[in-house]
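Visitor: What follows is a predicted protein model with its sequence.
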Amino acid sequence: MKHMMCKAVRGSSVKVAGRDVLATWKLLVALVVTPTLYGFYTFIVVLISFKCKWILKWKVFAPISTFCILVTGSYVTIRLYESGIDIYKSIHPLFLSLLPWAKSSKKLRTVREQLSTDITNLINESAPQIYHDLMLKE
């Protein structure tokens, strides 16, 4: 995959990182490979149900439930992965901000306080000029 991204970047004067190639492959997998595998797994369950001579109710229920469980499991996995990645990315800065001796966190706090004050002052000055009927609390 990385080879394809590098090749795409070298072959184009517009591409910077080749992320569109990676996105295309992800889309291809999501739209073609995954449903194909779900169908294949469901077909295997159908074959097992006929080979083991299950009753008709199980021959119908097992493949349908297999397909539904696969789709639901994939959706839940994607949702948990997205939220898990967000949490994982926020743990390190959170940990650093909790350290009392970290100089960067003190500087960040002062910069944020100053930025908050600057934005509040800007809004208090500019908002009445834009919105004439705006009442601001001081």
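Guide: Now that the structure is in, tell me what you want to look at.

Visitor: Secondary structure class of the residue nearest the centre of the chain, three-state.
Guide: In the chain, the centroid-proximal residue (Cα atoms, centre = their mean) is residue 82; its distance is 3.8 Å. Using DSSP: H, G, I helix; E, B strand; the rest coil, the structure places residue 82 in helix.

Visitor: Where does pLDDT dip in the chain?
Guide: For the chain, the stretches with pLDDT under 70 are 1-21, 102, 132-138.

Visitor: give me that answer again for 50
Guide: For the chain, no stretch has pLDDT under 50.

Visitor: tell me the domain ranges of it?
Guide: Annotated domains of the chain cover 15-98, 101-137 [the TED database].

Visitor: For these, state which one has the densest average packing.
Guide: Mean neighbour count (mean count of other Cβ atoms under 10 Å) peaks for domain 15-98 among these, with a mean of 12. C-betas here are computed from N, CA, C, even on glycine.

Visitor: Tell me if I'm right that residue 42 and residue 63 touch.
Guide: Yes. Between residue 42 and residue 63 a contact is recorded at 4.9 Å, counting by Cβ atoms under 8 Å.

Visitor: which outside residues touch stretch 50-65?
Guide: With contact meaning Cβ atoms under 8 Å, 6 or more residues apart in numbering, stretch 50-65 is reached by 42, 43, 45, 46, 48, 49.

Visitor: Now the last one: closest residue in space that isn't a chain neighbour?
Guide: The spatial neighbour of residue 49 that comes closest, neighbours along the chain excluded (Cβ to Cβ, 6 or more residues apart in numbering), is residue 59 at 4.5 Å.

Visitor: Which strand or helix spans that neighbour?
Guide: If you go by DSSP states H and E, residue 59 is part of helix 56-98.
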